[in-house]
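Participant: fold the following and give me the result.
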Amino acid sequence: DFVAQLKEPLTYRRLFIVLLFYWLTGKFCLLYPFIPPNVSLIWLPAGIAFAALLRWGPAMSIAIFIGAYALNLKTGLHNQTAIFIAIGNTIGALFAYWYLKKYQFQNHFLHTNDILHFLLAACLGTAISAINGSLILWDIGLLSTPSAAFITWWAGDFVGVLLLTPFLLAINQVQINKIISSLKEFYLYIFVFTAIHYLVFYSSFIKLQISFLPFIVVLWAAIRLGGLGSSFSTVASSFIAIYATYQHFGPFYSNDMIKNHIVLWTYMATLTGASLLISALQSERARANSELKDSFDRIQKVASRLPGVIIQYHVFPDRSTKISYASEAIFSILEVTFEEAQNNFESLFQKIDPLDIHAYKAALRQAYINFSPYQIEFRFHRINGEVRWLYIDATPEASGKGESLWHCFISDITERKLAEEHLRIAAI
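Facilitator: From the prediction side, this is the model:
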């Protein structure tokens, strides 16, 4: 794949894009290093690296290496040190890419398993980079102990992956169309999002404990606006929190810069984790509903080909009944729609011939008492006065709390009855 990608002209445009944004986001993160010269508690290039590999393949590792190397040189590190740190950054991202491909990770986070594998890959991949980088800085004497640098390096890479990778993976036509299809709600969401973030980070209500409010609108996006809306919300909310804190505003600001970084990191990690989980659960629910609808449609197509009507109805402890399902043939057989039968099921008994109604009710009562199947033939009076012979075959199923669910098949046997009558007369 790597060699084949390098033969495509599009690959070089993508390499340039990845390198450019890797460099720009790296410069932004290095404005406020947590441990000088180059250990940041929020490292966005890690998210770009993960997304580039997952979207465009392993050839993007070239841009990742060059970007990491250039950023490390910018911090004043020697050439050899910058190379080795860049190698660690690249290997960490490639390991995460390999792991996710091995477990058939889907870029749209459609399953909760995708979330779990993504989080694990992010943990392991960023740990490789953090171990490599912190040990190198310790070895050349820039750190007195590598443990604090490792934790900070890993945390910064990890939250960078959580923030940017889902957002960059979600930029596709399907997600854009989803937002366009609910544009009015999106405008309303932007208004509420802006108002709440102003209230939390810039208003006179800052001293109130309302820092949880952004979670509400982010979860709204996760539930209603799809993966792109959800990931955009987490990125926007995180950047507002960062900007406000560094401008000495908002509930996360204090005179202790270390505390500010840690609180911001916790906020962003929690926000993105919750957003990803809700989005995945929503996708699973939507997929389950779609599969259920497809199954129902297939059943309806099969039922429409049967010479009769399929009915399911509940019998409650007080002997009241309610139809829960009827195939499309209900109108041709019983001359009522499903909705009419639901609202007034008992009216169907009035159309049974008076000579058959007592036997029908007796069979029904016995079946309810013994909880056993029943079959019965009866004459049914149609609206135009015609009398048709119907046959019902019903089987019960216990549904708990004294209720029962009956599965019925009703067919028109008039032609068979007429044939039997002709045979009887011929025999005489």
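Participant: determine how far the longest helix anywhere in the chain lies from the middle of the whole chain.
Facilitator: Using DSSP state H to assign secondary structure, the helix with the most residues in the chain is helix 257-304. Offset of helix 257-304 from its chain centre (C-alpha atoms, centre = their mean, to the nearest Å): 2 Å.
Participant: then stretch 139-159?
Facilitator: Worked out by C-alpha atoms, centre = their mean, stretch 139-159 lies 35 Å from the chain centre.
Participant: contacts for that stretch, please.
Facilitator: Stretch 139-159 is contacted by residues 29, 34-35, 37, 39-43, 46, 78, 81, 92, 122-123, 126-127, 129-131, 133-135, 137-138, 265, 268-269, 272 when judged by C-beta atoms under 8 Å, 6 or more residues apart in numbering. Using the backbone N, CA and C atoms, a C-beta is placed for each residue, glycine as well.
Participant: rerun at 7 Å
Facilitator: 34-35, 39-43, 46, 81, 122-123, 126-127, 129-131, 133-135, 137-138, 265, 268-269 (C-beta atoms under 7 Å, 6 or more residues apart in numbering).
Participant: which parts of it are buried?
Facilitator: By neighbour count on 16 or more other C-beta atoms under 10 Å, the buried set for stretch 139-159 is 142-143, 146, 149-150, 152-159.
Participant: got it, and stretch 97-105?
Facilitator: For stretch 97-105, burial by neighbour count (16+ other C-beta under 10 Å) applies to Tyr97, Tyr99, Leu100, Phe105.
Participant: what about dumping the CA coordinates of it to CSV?
Facilitator: C-alpha atoms of stretch 97-105 as CSV (Å, rounded to 0.1, in the frame of the first residue of the first chain):
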residue,chain,number,x,y,z
TYR,A,97,-3.0,2.7,12.6
TRP,A,98,-1.9,-1.0,12.4
TYR,A,99,-3.8,-1.9,15.5
LEU,A,100,-7.1,-0.3,14.3
LYS,A,101,-6.8,-1.8,10.9
LYS,A,102,-6.2,-5.2,12.4
TYR,A,103,-9.5,-5.0,14.4
GLN,A,104,-11.4,-3.6,11.4
PHE,A,105,-12.0,-0.2,12.9
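Participant: please name every helix or strand in contact with the longest helix of the chain.
Facilitator: Applying 3 or more C-beta pairs under 7 Å, 6 or more residues apart in numbering; DSSP states H and E, we find helix 257-304 packed against helix 112-139, helix 146-170, helix 213-224, helix 226-246.
Participant: closest to Ile17 out of these?
Facilitator: Nearest of these to Ile17, taken as C-beta to C-beta: helix 146-170 at 10.8 Å.
Participant: coming back round to it: in TSV, list the helices and strands packed on helix 257-304 along with distance to Ala86 and mean pLDDT.
Facilitator: Listed next are the helices and strands packed on helix 257-304 as TSV, based on distance: least, C-beta to C-beta, whole Å; pLDDT from 0 to 100:
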stretch	distance to Ala86	mean pLDDT
helix 112-139	10	92
helix 146-170	14	89
helix 213-224	34	87
helix 226-246	25	88
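Participant: relative to Phe186, which of these is closest?
Facilitator: Closest to Phe186 of the helices and strands packed on helix 257-304 is helix 226-246 (C-beta to C-beta; 7.1 Å).
Participant: among the helices and strands packed on helix 257-304, which is nearest Pro9?
Facilitator: Using C-beta to C-beta, the helices and strands packed on helix 257-304 put helix 146-170 closest to Pro9, at 22.0 Å.
Participant: with distance to Asp297 as extra columns, can I get the helices and strands packed on helix 257-304 in JSON lines?
Facilitator: Compiled in JSON lines, the helices and strands packed on helix 257-304 are given as follows (distance: least, C-beta to C-beta, whole Å):
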{"stretch": "helix 112-139", "distance to Asp297": "27"}
{"stretch": "helix 146-170", "distance to Asp297": "29"}
{"stretch": "helix 213-224", "distance to Asp297": "26"}
{"stretch": "helix 226-246", "distance to Asp297": "24"}
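Participant: before we move on, back to that, just the buried residues of stretch 97-105: which are in helices?
Facilitator: Short answer: the buried residues of stretch 97-105 in helices (DSSP H) are Tyr97, Tyr99, Leu100.
Participant: spatially nearest residue to Phe186, not counting backbone neighbours?
Facilitator: Leaving out its chain neighbours, the residue that sits closest to Phe186 by C-beta to C-beta, 6 or more residues apart in numbering is Ile179, at 5.4 Å.
Participant: so that neighbour sits in a strand?
Facilitator: No: with DSSP: H, G, I helix; E, B strand; the rest coil as the criterion, Ile179 is helix rather than part of a strand.
Participant: okay, now it: neighbour count?
Facilitator: Look at Ile179: counted by other C-beta atoms under 10 Å, it has 18 neighbours.
Participant: go on, the one 3 residues further on?
Facilitator: Residue neighbour count, defined by other C-beta under 10 Å, stands at 15 for Ser182.
Participant: try the one 5 residues further on
Facilitator: The local packing of Tyr187 (other C-beta under 10 Å) involves 10 other residues.
Participant: and the pLDDT for it?
Facilitator: For Tyr187, the pLDDT comes out at 93.
Participant: do you know how far it is from Ile223?
Facilitator: As for Tyr187, its distance to Ile223 is 17 Å (criterion: C-beta to C-beta, to the nearest Å).
Participant: only the C-alpha atoms, please, for stretch 308-324, written as PDB.
Facilitator: Backbone C-alpha positions of stretch 308-324 (Å, rounded to 0.1, in the frame of the first residue of the first chain) are rendered in PDB as follows:
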ATOM      1  CA  GLY A 308     -54.800 -15.000   4.100                       C
ATOM      2  CA  VAL A 309     -54.100 -12.500   6.800                       C
ATOM      3  CA  ILE A 310     -51.600 -12.800   9.700                       C
ATOM      4  CA  ILE A 311     -52.700 -11.300  13.000                       C
ATOM      5  CA  GLN A 312     -51.100 -10.900  16.400                       C
ATOM      6  CA  TYR A 313     -53.200  -9.800  19.300                       C
ATOM      7  CA  HIS A 314     -52.700  -9.500  23.000                       C
ATOM      8  CA  VAL A 315     -55.100 -10.800  25.600                       C
ATOM      9  CA  PHE A 316     -54.900  -9.100  28.900                       C
ATOM     10  CA  PRO A 317     -55.800 -10.400  32.400                       C
ATOM     11  CA  ASP A 318     -59.200  -8.700  32.200                       C
ATOM     12  CA  ARG A 319     -59.900 -10.600  28.900                       C
ATOM     13  CA  SER A 320     -59.600  -7.400  26.900                       C
ATOM     14  CA  THR A 321     -57.800  -7.600  23.600                       C
ATOM     15  CA  LYS A 322     -55.600  -5.500  21.400                       C
ATOM     16  CA  ILE A 323     -54.200  -6.200  17.900                       C
ATOM     17  CA  SER A 324     -50.500  -5.500  17.700                       C
END
